[in-house]
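>>> Sequence and predicted structure below; questions after.
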Amino acid sequence: MASTLQASALLLPSSSSSCCCSRKINAVIHVPKLPKAPFSVPKIPTNRKLIDELKNIRVDGFTNTIPVLQNINFTTASSADDIKAQDSTAFATTQLYALLEAVADRVEMHANIGKQRDNWNTLLLNSINMMTLTAATMAGVAAIGGAGMPLLALKLSSTLLFSAATGMLLVMNKIQPSQLAEEQRNATRLFKQLQSQIETMLDLGATTEEDVKGVMERVLALDQAYPLPLLGAMLDKFPAKFEPASWWPSNQLLQKKTKSHGRKQREENGWSEELEVEMREIVEVVKRKDSKDYERLGNLVLKINKVLSISGPLLTGIAAVGSAFVGNGSWAAIVAVAAGALATSANAFQHGGPQFGMVFEMYRNSGGFFRLLQETIEATLEEGDLEKRENGELFEMKVALQLGRSLSQLRELVRKPAIDEFASKLF
């Protein structure tokens, strides 16, 4: 069977074999065409189209906004300047916040040290007076009936107490703790004022490097005007002449202009010839009355404080010498007791009642206030460009409030100046 099939296969004609081969080749070469797909590939959009489409993508019916792509600005020149300006403002704001923290710490520090130095004044005053009175009592008792060892003990105790009181009085009169406490109170008030001004600047925004520099200079000027150390940096408590306090930098008087609206107001910035005359008259009244009067009172208090500062230790020293000779004569006991009583009175009058050191510092601060007011007005009027000045109406209102007057009272002071009337109603 197999041989028969093999023979029949060999006996096939050549044409049929060639035909089969031709069909096989055609089947391999001619591939049927695939049907067209029912979709098309979209073109890739440009950058601008891509951003516009990303902005308007909707997810569940809501527009999906991409903040990073939304803030892209293709105008490279202007965007670089804007970014630089924003970075500068942000850095200046950060610096102001750092300065605000430092100023807040200064406020707390000066307030605490002021309370401490006020306690110093009270404790030293009470201690010295008790020592002086005790020593005077011992000297009197020794003169009455002392003899032998009791007399020696009373004399020695009285002399030691008077000597110790003399040394403590020298230290107390040198540092003037009541004046130190008043310095810290003034520093606390001025630092609080600076703190509120920094907070206002931060609320208004658009801070600059000039603002940061100005605040830094004011902080350093306040630190120099009201130092904390007692050795080296302490202010002279007995200067040769009364000088008002100065707690502001020299370039602080450059005022920033205030934005205004309207053509006429923008050109004049709230200033007029009448207002300039009014400000000059106010300066003259302050110089003639307020500053001159506080200078007179300051020199008077300085002289009284000097006399009392010398009298107290001198009297306790005399009492110490007198108590050492008690028993040799009645004059020694009289000198010791009388000098001790006078020293106690002088010490109580200097540091306890009027507290002349505190009064002197108060006059220094008031004199500095009037000097700052004068320099501020003069520096503002010297600026010829009205746009560079602070707004005139706002400046007038500030001056009136600083003097404790209303606008009408301030103008009345200039129109009809009284001979004995002071510019300020606050001090």
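Sure, I can see it. A quick note: this is a predicted structure, and the numbers were derived from the prediction, not measured.

>>> now do the same end-to-end measure for stretch 420-427.
Distance between the two ends of stretch 420-427: 15 Å, counting by Cα to Cα, to the nearest Å.

>>> Run the chain-centre distance for it.
Chain-centre distance of stretch 420-427: 28 Å, with Cα atoms, centre = their mean, to the nearest Å.

>>> Tell me the buried residues in it?
Neighbour-count burial for stretch 420-427 flags 422-424, 427 (criterion: 16 or more other Cβ atoms under 10 Å). Backbone N, C-alpha and C define where each C-beta goes, glycine included.

>>> out of those residues, which one sits closest to Leu300?
Proximity of the buried residues of stretch 420-427 to Leu300 (Cβ to Cβ) peaks at Phe427, which lies at 16.3 Å.

>>> do you know how far the spatially closest residue to that closest one that is not a sequence neighbour is from Asn119?
Leaving aside its sequence neighbours, Phe427 sits nearest to Ser366 (Cβ to Cβ, 6 or more residues apart in numbering; 4.7 Å). As defined by Cβ to Cβ, to the nearest Å, Ser366 lies at a distance of 25 Å from Asn119.

>>> now swap in Thr207 and tell me
Relative to Asn119, Thr207 is positioned 40 Å away (Cβ to Cβ).

>>> When the two are compared, which one has more neighbours?
Shown here are Thr207 and Asn119; by other Cβ atoms under 10 Å, Thr207 has more neighbours (22 against 12).

>>> Flag the shaky bits of the stretch 151-300 of the chain, pLDDT-wise.
Scanning the stretch 151-300 of the chain for pLDDT under 70 picks out 251-267.

>>> rerun at 50
Per-residue confidence for the stretch 151-300 of the chain (pLDDT under 50) gives these ranges: 254-266.

>>> All the helices of it, in order from the start?
Taking DSSP state H, counting those that start in this stretch, the helices of the stretch 151-300 of the chain run over residues 177-204, 209-225, 263-268, 273-285, 292-324.

>>> between the ones you listed, which one is nearest to Asn347?
Among these, the nearest to Asn347 by Cβ to Cβ is helix 292-324 (4.9 Å).

>>> Tell me the helix or strand right after that closest one.
Downstream of helix 292-324, the next assigned helix or strand under DSSP states H and E is helix 330-351.

>>> where's the residue nearest to Phe427, which helix or strand?
Secondary structure from DSSP H and E places Ser366 in helix 356-382.

>>> and for the helix or strand that comes right after that helix, what are the contacting residues?
Counting by DSSP H and E, the element after helix 356-382 in chain order, helix or strand, is helix 392-402. Helix 392-402 is contacted by residues 255, 258, 268-272, 275, 278-279, 282, 369, 373, 377, 380, 389, 406-407, 409-410, 424, 426 when judged by Cβ atoms under 8 Å, 6 or more residues apart in numbering.

>>> do stretch 230-249 as well
The contact list for stretch 230-249 (Cβ under 8 Å, 6+ apart) reads 174-176, 179-180, 183, 186, 190, 214, 217-218, 220-222, 225-227, 291, 294-295, 298-299, 302, 305-306, 309, 357, 361, 363-368, 370-372.
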